[in-house]
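1. Prediction below, plus the sequence it came from.
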Amino acid sequence: MNQDILLAVLLGFVGGSIPFGLLLTRAAGLGDIRDIGSGSIGATNVLRTGNKGLAAATVLLDAAKGAFPVLLAAHLWPGTEGWAAVAAVAGHCFTPWLRFKGGKGFATAAGVLLALAWPVMLVCAAIWAATLAVSRISSVSSMTTVVLAPVAAWALGYPQIIVPLIAIAAIVLVQHRANIGRLMRGEEPKVGSGKK
C-alpha cells in the first residue's frame, strides 16, 4: 500500500505540474504569462491577455490534469485517489519545471473534486457562483469554495475525501496569500473592474 501511495502521489504531482497556461500563451505568441498581472500561470491571469479562448482552454486543461491522475489512481491503486488529488494540486501550485512556482490551484482543485465526488463538485460550483455573484471578487469565491468543500463532502456523505479536501484548501489558501493581503487593505479588484 505504501508503494501504491507513492506511485499515486508521483502520478498526481507530475500530471498537475504541466503549466498549461504558460504553454498556451507562449504557443499563441503572447509571451510569458508570468510577466503580467499576478504572475500566476492560471486561467485568471491568462484572461488578462485579453484572450478569452485561451483562458477557457486553460481552465479546462488545468481541471483535466487534476481529474485524470485521480481517476487513473483510483483504477490502478484503489484507495489512493485522495493522495493523487492533493499531489495534483500541489504539482500545479509548485511545479518543478518553473522553479516550484505555479498557479493558485483552484481549477485543478475543481478537476480533482469532480473526479473524487461529482455531487460535491456540483454543490461547490453553486457555492462558487453564489459567492462570485455577491462579492464580485474572484479570489473570494475561490477561497470560500475550497474552505466549504470539506463541509459539503461531509454533508453529502463522502467522509473519505474530507482530509484530502482540507489539505487542498490549505494549499489553495497559501497560494492566495497575496490576495488575502489585498482584501485586508481593500485593494482586491472586482470582476469587470479592469484592474490588475
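-> Received the coordinates, thanks.

2. What is the neighbour count of the nearest residue to A85 once chain neighbours are set aside?
-> For A85, ignoring the flanking residues on the chain, the nearest one in space by CB to CB, 6 or more residues apart in numbering is V112 at 3.9 Å. C-beta here means a position set from N, CA and C on the backbone, and glycine is covered the same way. If you count neighbours by other CB atoms under 10 Å, V112 ends up with 34.

3. V112: what's it in contact with?
-> The neighbourhood of V112, defined by CB atoms under 8 Å, 6 or more residues apart in numbering, consists of G66, A67, P69, V70, A84, A85, A88, V89, I168.

4. Name the residues that touch the least confident helix or strand in the chain by mean pLDDT?
-> Lowest mean confidence among the helices and strands of the chain (mean pLDDT, DSSP states H and E): helix 43-47, at a mean of 83. Contact with helix 43-47 is made by 21, 24-25, 33, 36-39, 54-56, 58-59, 62, 103-104, 107, 138, as judged by CB under 8 Å, 6+ apart.

5. run the last query once more with 7 Å
-> 21, 24-25, 33, 36-38, 54-55, 58-59, 62, 107, 138 (CB atoms under 7 Å, 6 or more residues apart in numbering).

6. now do stretch 157-175
-> Outside stretch 157-175, the residues within contact range by CB under 7 Å, 6+ apart are 82, 85-86, 89-90, 93, 104-106, 109, 116-117, 120, 142-143, 146-147, 149-150, 153-154.

7. measure the closest residue in space to A74 that isn't next to it in sequence to L156 for me?
-> Excluding its sequence neighbours, the residue lying closest to A74 (CB to CB, 6+ apart) is E81, at 4.2 Å. For E81, the distance to L156 (CB to CB, to the nearest Å) stands at 17 Å.

8. which one of these two has more residues nearby?
-> E81 (24 against 14).

9. Surely that one is in contact with A88?
-> No - between E81 and A88 there is no contact under CB atoms under 7 Å: 10.2 Å.

10. shared neighbours of the two, anything?
-> With CB under 7 Å, 6+ apart as the test, E81 and A88 both reach V70.

11. all strands in this protein, in order from the N-terminus.
-> Ranges of strands in the chain, per DSSP state E: none exist.

12. follow-up on the earlier one: which residues sit in contact with the residue nearest to A74?
-> When contacts are counted by CB under 7 Å, 6+ apart, E81 touches V70, A73, A74, L116.

13. buried ones in the biggest helix by length in the chain?
-> The residue-count maximum for a helix in the chain (DSSP state H) belongs to helix 52-76. Using 16 or more other CB atoms under 10 Å as the test for burial, helix 52-76 gives 54-55, 57-59, 61-74.

14. low-scoring pLDDT stretches of this protein, where are they?
-> 1, 192-196 (pLDDT under 70).

15. what do you get if the cut-off is 80, keeping everything else the same?
-> 1, 36-39, 44, 191-196 (pLDDT under 80).

16. I appreciate the help and will end here.
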